[in-house]
Every structure is written in C-alpha cells, then in structure tokens.
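Q: task: produce atomic coordinates for the following.
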Amino acid sequence: MGHSVKVKQQRSQKGNGSGKTQYALLILVILLFVVYRLSVRIHQVGGSNLYRALVFFIPVATGLLLLGYWQRNALLKSFDGLNWFEKIVMAFLQLAKGAVVSYLVVGFPIEVAWDLVNRSVTGGRPTETLECPVESFSTSKNPKIWYRFQGGLEQVPMVNSWRELYEDESPEGHFIVLKARPALLGTWLVEDWDLQSHR
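A: Predicted coordinates:
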C-alpha cells in the first residue's frame, strides 16, 4: 500500500515538473514572438492564397491536430460532467487555445523560416514605388493607418503626433506610398513608407 502511494506521488511530481517546463517554454516562445514581430521582422504586405495556406493555415492545422492527439486524454476529461451547452463552450475554448498554441509552436517557426528565405531571394531585386489609397485613420489607443493593397487591407502604425491631425480627417485623397521589393508568392517586402496627400 505504501509503495503504491509513493509511486503515485512520484508520477504526480513528474507531471507537475513536466507541466512547469511546458509553461516556461511557452512563455519563452511568446517573448521571442513579441521581440521578432516588434524589432526584427521586416514589414511584409500582400500574399497569394497559396502563401497563406503554406505559411499559416497548414502549419496551424497540423499543430492543432498534433496537440489534440498529444493531449487527447486531458481534452476528453475536460468534458466530463458538462451539459451539451457547456460542452459546446468548452470545445470552442479548447479550439481557440489550441490554435494559439499551435501557431506559436509550429506556425511561428515556419513564419521565421519563410521570412529568411523570402528575404534572401529578394535581396537583389530593385525597389519599386507603390501608391496605395488610405482606407481609414484609426486614432484609438494604438493609432494606425489602414490602406488598400492588392484588394486587401494592410496597416502601418501612426505616429502619435499625428493623432489630433487625422482624428476627424477623411481618408479621401490620402495615399500610403511604399518603397518595396517584389517577393515570393505575391508578397512584398517594405523598406520604407510615407503618407502623402493628392488634394
């Protein structure tokens, strides 16, 4: 009996240690993601459906499936004792959590690898000037400028000193002018940008 209790305690301690290690690794990945996005990654715009599938959807879906299989027992246990509505809510929460974790663990490294390849391939290509109409000025807590590019919406951060200037400004006649290089799968690597008015 005493031996059985000791074995259970050892398993519990191993489980707790493993959980702490996984949590620490996840925090590390989140910090690396923030640093990379804010200070390392070059601004990229555009991209075909194939790009989005290869760099985002397929890696995240693969990570989600692997995470679900790895955590299948814990996932099934989380639904014990729940009614049908609570099970739907729990499924949504587990799916959202799994998608975030799979992006950080699988999608983020794929994104970094893609960026390195994309940057090396486009290094010798000439810079082009692209004029993109402004869609809106967002002067909220994190001010930004939304503009149209290849039929989609892109954004650039707004300088804080511009907030009052563009708080009630109409986007009509304003353009974001990009200095960018054409890259792989319809993406462009932005080296510089400027806000201009043609009024």
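Q: for residue 96, what are its contacts?
A: For residue 96, the contact set (C-beta atoms under 8 Å, 6 or more residues apart in numbering) is empty. Just so you know, the C-beta spots here come from the backbone N, C-alpha and C atoms, and that holds for glycine as well.
Q: correct me if wrong, but it is in a helix.
A: Yes - counting by DSSP: H, G, I helix; E, B strand; the rest coil, residue 96 falls inside a helix.
Q: any idea of the pLDDT on it?
A: pLDDT, the model's per-residue confidence, is 91 for residue 96.
Q: so how far is residue 77 from it?
A: For residue 96, the distance to residue 77 equals 19 Å [C-beta to C-beta, to the nearest Å].
Q: ditto for residue 90
A: 11 Å.
Q: again with residue 113
A: 35 Å.
Q: then residue 68?
A: Taken as C-beta to C-beta, the span from residue 68 to residue 77 is 14 Å.
Q: specify which residue of the two has the higher count of neighbours.
A: residue 68 (14 against 10; other C-beta atoms under 10 Å).
Q: next, give phi and psi for the more buried one.
A: phi -60, psi -40 (degrees, to the nearest 10).
Q: with the one 3 residues further on instead?
A: Here is the backbone geometry of residue 71 (degrees, to the nearest 10): phi -100, psi 20.
Q: begin at 850, not 1, for the rest of this chat.
A: Renumbered: residue one is now 850, and that last one reads residue 920.
Q: that one: neighbouring residues, count only.
A: 15.
Q: one more: residue 1001?
A: 10.
Q: tell me where the model's unsure across this protein.
A: 850-868, 1048 (pLDDT under 70).
Q: 80 instead, please
A: Within the chain, the stretches with pLDDT under 80 are 850-872, 874-875, 887-889, 972, 990, 1009-1010, 1012-1013, 1017, 1047-1048.
Q: which residues in it form helices?
A: Assigned by DSSP state H, the chain shows helices spanning 851-884, 898-901, 907-919, 921-926, 933-951, 957-971, 1012-1015.
Q: so which of the ones you listed gets nearest residue 1041?
A: When these are compared by C-beta to C-beta, helix 957-971 sits nearest residue 1041, at 15.1 Å.
Q: and that closest one, how far out from the chain middle?
A: Put simply, helix 957-971 sits 14 Å off its chain's centre (C-alpha atoms, centre = their mean, to the nearest Å).
Q: ok, now stretch 983-996?
A: 19 Å.
Q: got a list of contacts for that stretch?
A: 981-982, 997, 1002-1009, 1011-1012, 1015-1016, 1018, 1020, 1023-1025, 1044.
Q: of the residues you listed, grab the buried ones for PyMOL.
A: The following PyMOL line selects those of the contacts of stretch 983-996 that are buried, judged by 16 or more other C-beta atoms under 10 Å:
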select buried, resi 981+1003+1004+1005+1007+1015+1018+1020+1023+1024+1025+1044
